[in-house]
Each structure stands twice: as structure tokens, then as C-alpha cells.
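Chemist: give the three-dimensional model of this entry:
(chains A and B)
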Amino acid sequence: MPRKKNLAYALVAIVLSGSLVFLQHSGPVFAIRSRVEAVFIPMFQFAGSVKRTVASVADNAANRESGLTGEYQEVASARHTIDSLKQENDRLRAMLAFKEKYKLNLKGVSVLLYGHELGQEYVIIDQGSLAGIRKNDVVLDARGMFIGMVREAGPRESKVGVASNADEVQEAYIRPLGVKAIAKGIGSRTFTVDLVSQDSPVRQGDFVTVRIPGVPDDFLLGEVARVSSNNGGAFKEIQAVLLAHPESETEVFVLMKL
Amino acid sequence: MTFIYLIVSFVAALCADMLASGSRITAAAPAFTLIVLFYWFLRLSLGERLWIAFGAGVVLDSLFLHPFGSAVLLLALLACGTEWLTRFFTKSESVFANVMMIFLLLCAFWFLIGPIAGVTEWIYAYRG
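Modeler: Below you'll find the predicted structure:
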């Protein structure tokens, strides 16, 4: 009897989880997901604010340890506040300039969480399909650097896979030469840049850019860190590192498809 | 009362995971949420475990990069697997047996999430 009961439970579990996967875009599943996200987004925001507070407290503690006392400590604290405000101001100005420069359908969103799971880095942003964000939308930072693409758009949040994750592949150009190549993510903020012929004068320090259809300019993806000639092979072995810093971003842009 | 403890511990572990996310120090640390979840897997009956797997799976699917539904599917499988696992490790209160079972469930989760996410991705692609 318990065996039959267990089998029935297992069957119910398979039907429930299967229906969640198969009927992801149906009304009830969308509603469940939307509710769950509505509950957890404030938690993400709270965790973010706690992290920032802890960082600020740690900075103050470092000042104390460095021997600053009394009014010197107050001056250091005020200077720290001014620096953070200045940084925020610069970031907002850069974002505004970036938006005006490109005249694209860009949507500014806040970063809720940066995480890594089995070597895959990802960022969770606070807008989803209800705001028009879709899978494979491009995500850029305020300086116009390519962070990655939307891997999944939930109703109120979206998951962005960082471009250097394993299995992420981008059509790329090596600048300033303009050599066309393929940038394959291998994890740990690193890419291999493939299909560059032996006679291309690519050097360490060159930039790797990505071109997005419908956008006139390229976006910076990485910097060439190592170039080696593959003896006997037709192509060079090139490795590049990601230039964006997804872990420190608080606001990013999503390039929405028209 | 058990369920209140369960929810409180799950939310606390989730908060700890969120606070630790992105830090280089905790990059290699196992997910607190999963440890707490698997601890409760050992304490509850199969029916209760499956409901927990469903609820926690929906939450984890919103938190991790893998496609929506993968964690629910995998946790439901592990909830059934726990029943089988307890036959090898007697249902004693031995700390070692519990730690071993939680460790095995964690390993199973991290080994299987990739293939399960692949299947889920394939289903989404197939359904357009």
C-alpha cells in the first residue's frame, strides 16, 4: 500500500512539474511566477541595500584602523560621501550621454542581483516581459560595454547571462584592424577569439567588439590578452578578457528589439 | 509548527545566499538554501517533500540562471530519490548519516541541473 501511495505521489509530482515546464507561457503559470517574483524582488532590493551599507561600514572601519580619529575621521567620511555622489553623478551623466548618442530603443533597468552558478555568471534585472523585455535582448553598461544577453524574461525580472560564460558565442571584430572573428566564452571572464588567420597582425591590447544588427557602432566586448601562433594551423590562438564589470553594476541598459 | 520553521529557515537561507552572492570569498561555497532544503527533505514524508520541492523549485527558478521549471523538475526527482536514499542510510538520527545524505543530494543537484536545464531549454525551443 505505501508503495502504491508513493507511486501516486511521484506521478502527481511529475505531472505538476511537467505542466510547469510545458505550459510556461500559459495564464496560471505566468500568474504563479509573477506572484513569486513580486514577493522576492523586494528581498533582492533589501539584500542589495544591506550589501551597500556593509561596504560603507567596512570603509569607515578601514579609516578607523588607518589611525584616523575625531574630526579627521569626519572629514574622511564626508570625502567618502562626496566621492560616492560624484561617482553616481558621473555614471548617470554617462548613461544619459550614451542614450542620447545612440538614439536607440534603450531601457534603463536596475540590477537586482549578481550571481554565479557552476562557473556561469549572471545578473538579475528588475524588469521583465511585462516591460517588453524579451529573450536574447542585448544588455550594455553605461559606458556602452557589452555585458551579455537576456537568457530568460520572467514577468517582472529577467536573467542576463554574461557574455564570457561558456557556450556564449558572438560575432566579433578585432579593432583597430577590423578583423572579423568569432568570440567564444570559456568562463572566468575569458574568451577565445577564433577564425583569425595567421597573417593578421593582431596584438595584445587590441579590442574585441560586437556588432548588433541595426546599430551603427560596435560595442566593446573585451581586450586581447594573449596571441600565439598555432604552428602549422591556419588560424591564430587568441584569448581575450571581458571589459565589463557586471558584479559592480547597479544600472544597465537593455537594447529592446523593435 | 514544522512548516513555520521550514519557511523561516528557507527564507533566512535565501537571504544569506543573496547577501553572499557576487562575493569572491563565497564563490565556492555551496548554496545555503539547498542545504536547508535538503535537511527538510530528510525530516518530512514523501508527500510533504514533493510540495516543498514544488514551492522551493519555483523560487529557485527565479533566482538561478537555468530555464524556469528546471529546479522544480529536479527537486521533484530528488524528493523521490530521497526515499530511495534513506534505505541505504538508515533513518537514524546519526549526524554522519544526515550529513552524508545532504552531501549526496547536493552533489546530485549540481550534477543533474545542467542536463535537466538542457532538456527544459529543448522543450522551450521545441514549443517555440
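Chemist: how about the contacts made by the residue nearest to A:P176 when sequence neighbours are not counted?
Modeler: Leaving aside its sequence neighbours, A:P176 sits nearest to A:D206 (CB to CB, 6 or more residues apart in numbering or on different chains; 7.2 Å). C-beta: built from backbone N, CA, C; applies to glycine. By CB atoms under 8 Å, 6 or more residues apart in numbering or on different chains, the residues touching A:D206 are A:I174, A:R175, A:P176, A:L177, A:E223, A:V224.
Chemist: helix, strand, or coil at the last one?
Modeler: I take that to be A:V224. Under DSSP: H, G, I helix; E, B strand; the rest coil, A:V224 falls in the strand class.
Chemist: quick check: residues of chain B near chain A?
Modeler: Residues of chain B lying near chain A by CB under 8 Å from any CB of the partner chain: B:11, B:14-15, B:18-19, B:21-22, B:27, B:46-47, B:50, B:53-54, B:57-59, B:62-70, B:72-73, B:76, B:79-80, B:83, B:110, B:113-114, B:120, B:123-124, B:127.
Chemist: which secondary structure state does the residue in the stretch 151-258 of chain A that chain B sits nearest to sit in?
Modeler: Residue nearest to chain B within the stretch 151-258 of chain A: A:E247 (5.0 Å; CB to the nearest CB). What three-state DSSP gives for A:E247 is helix.
Chemist: look up how far A:G115 lies from it.
Modeler: Distance, A:E247 to A:G115, by CB to CB, to the nearest Å: 9 Å.
Chemist: before we move on, what about A:V21?
Modeler: Separation of A:V21 from A:G115 (CB to CB): 22 Å.
Chemist: quick one on the thing from earlier: in PyMOL, select just the buried ones from the contacts of A:D206.
Modeler: Of the contacts of A:D206, the buried ones go into a single PyMOL selection, burial set by 16 or more other CB atoms under 10 Å in any protein chain shown:
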select buried, chain A and resi 174+224
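Chemist: if I look at B:A71, how far off is B:L42?
Modeler: Relative to B:L42, and taking CB to CB, B:A71 is found at 19 Å.
Chemist: does A:V109 count as helix, strand or coil?
Modeler: Strictly by three-state DSSP, A:V109 counts as strand.
Chemist: residue contacts, it?
Modeler: With CB under 8 Å, 6+ apart, A:V109 has these contacts: A:I125, A:D126, A:Q127, A:A131, A:I133, A:E251, A:V252, A:F253, A:V254.
Chemist: repeat that with 10 Å
Modeler: A:123, A:125-128, A:131, A:133, A:139, A:157-158, A:160, A:251-254 (CB atoms under 10 Å, 6 or more residues apart in numbering or on different chains).
Chemist: counting neighbours, what do you get for B:D61?
Modeler: Neighbours of B:D61 under the rule other CB atoms under 10 Å in any protein chain shown: 26.
Chemist: okay but it is in contact with A:V36, surely?
Modeler: Yes. Applying CB atoms under 10 Å, one finds B:D61 in contact with A:V36, separated by 8.6 Å.
Chemist: quickly list what's touching both of the two.
Modeler: With CB under 10 Å, 6+ apart, B:D61 and A:V36 have common neighbours A:G154.
Chemist: what helix or strand is A:L112 located in?
Modeler: strand A:106-117 (DSSP states H and E).
Chemist: and that strand, what's buried?
Modeler: A:L106, A:K107, A:V109, A:V111, A:L112, A:L113, A:Y114, A:G115, A:H116, A:E117.
Chemist: thinking again about what came up before, farthest-separated two in the contacts of A:D206?
Modeler: A:L177 and A:E223 (14.1 Å; CB to CB).
Chemist: how about B:I52, secondary structure?
Modeler: helix.
Chemist: how many residues are close by the residue nearest to it when sequence neighbours are not counted?
Modeler: In this structure, B:I52 finds its nearest non-sequential neighbour in B:W40, 6.2 Å apart by CB to CB, 6+ apart. Residue crowding around B:W40 was assessed by other CB under 10 Å; the count is 18.
Chemist: the longest helix seen in chain A and chain B in contact?
Modeler: Scanning chain A for the helix with the most residues, using DSSP state H, yields helix A:27-65. Yes. Contact between helix A:27-65 and chain B is present through A:29, A:32-33, A:35-37, A:39-41, A:43-44, A:46-48, A:50-51, A:54 (criterion: CB under 10 Å from any CB of the partner chain).
Chemist: can you name every helix or strand that the helix or strand following that helix contacts?
Modeler: Per DSSP H and E, the first helix or strand lying C-terminal to helix A:27-65 is helix A:70-102. Contacts defined by 3 or more CB pairs under 10 Å, 6 or more residues apart in numbering or on different chains; DSSP states H and E place helix A:70-102 against helix A:27-65, strand A:106-117, strand A:251-255.
Chemist: brilliant, that's me finished.
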